[in-house]
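Trainee: following is a predicted model, sequence given first.
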Amino acid sequence: MSYGDPNNPYGAPQGQQPQQPGYGYPQDQGQAPGYGYPQAPPVSPYGAGPAAPTTMPGSVSAARVMMWVIVGLQVVAVVILGIGAAALNAAKDDASLKDNTAFQDLVGDSTGLIWGYVVFGLAWMVFAAVLATKFRNGGNGARVTILVFAIITAVLGIYPFIIMGLVHTVLAILVAVFVGNANGKAWFNRPRY
């Protein structure tokens, strides 16, 4: 079947040649464009932006590990302070030190303070452990609470616990940075099904 055959019912009408694409005509027009604006990509039901992470980002995972290290350091500190307070109580009742008034004044005032530190350290340790467990499925409220906890821990590591608190301060600052950055925000604000 050629266009040149006059008996071809599908050929070009007599006297007209088929239009060849020439200058100014595109060679392949493809699909005709639709009306209006071009097609937009599908909209996420959770708003625009990158997709929510499905696995915990490395910085958030590192912050969780650091929280567990803080819990471990709290355990060590509570044990040391508890043993120290018990030893001071035992020394206060020692017969050879009963007559030493300077020692009795020092021990009498500091024993209650040390037991207060033990109770505070124990409560702070439990709070840190609860927050460390919230990294997997906690929401934005857990993120804000972890940030506040980390900032307060960093401040308490500077004063009054400067000797034992330097490691706490560094770890708490890193936890606050890792939870407060964009990866932490995306992880704690991800949709949960």
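Mentor: Nice, thanks for sending it over.
Trainee: please work out which helix or strand belonging to this structure has the smallest mean pLDDT.
Mentor: None of the helices or strands of the chain scores lower by mean pLDDT, DSSP states H and E than helix 101-133, at a mean of 85.
Trainee: now do it: which elements does it pack against?
Mentor: Applying 3 or more CB pairs under 8 Å, 6 or more residues apart in numbering; DSSP states H and E, we find helix 101-133 packed against helix 58-92, helix 140-158. Placement of C-beta: from N, CA and C, glycine included.
Trainee: now for residue 119, how many residues are close by?
Mentor: Residues near residue 119, counting by other CB atoms under 10 Å, number 12.
Trainee: that one and residue 84, how far apart?
Mentor: According to CB to CB, to the nearest Å, residue 119 stands 14 Å off from residue 84.
Trainee: same check on residue 69?
Mentor: Residue 69 sits at a distance of 22 Å from residue 84 (criterion: CB to CB).
Trainee: please apply the same query to residue 96.
Mentor: Separation of residue 96 from residue 84 (CB to CB): 20 Å.
Trainee: with residue 134 instead?
Mentor: The gap separating residue 134 from residue 84 is 32 Å, by CB to CB.
Trainee: neighbours of residue 67, just the number please.
Mentor: Residues lying near residue 67 (other CB under 10 Å) number 26.
Trainee: how about the nearest residue to it, chain neighbours excluded?
Mentor: residue 132 (3.9 Å; CB to CB, 6 or more residues apart in numbering).
Trainee: quick one, what contacts that neighbour?
Mentor: The contact partners of residue 132, by CB atoms under 8 Å, 6 or more residues apart in numbering, come to 64, 67-68, 71.
Trainee: and it, how far from residue 105?
Mentor: Taking CB to CB, one finds residue 132 at 41 Å from residue 105.
Trainee: and if you look at residue 140?
Mentor: 51 Å.
Trainee: check whether residue 56 really touches residue 188, as I assumed.
Mentor: No - Residue 56 is not in contact with residue 188 according to CB atoms under 8 Å; the separation is 10.2 Å.
Trainee: more neighbours: which of the two?
Mentor: Counted by other CB under 10 Å, residue 56 and residue 188 do not tie: residue 188 has more neighbours, with 20 against 17.
Trainee: distance-wise, check the closest residue to that one other than its chain neighbours relative to residue 113.
Mentor: Computed as CB to CB, 6+ apart, the closest residue to residue 188 that is not its neighbour in sequence is residue 143, at 3.8 Å. From residue 143 across to residue 113, the span is 34 Å (CB to CB).
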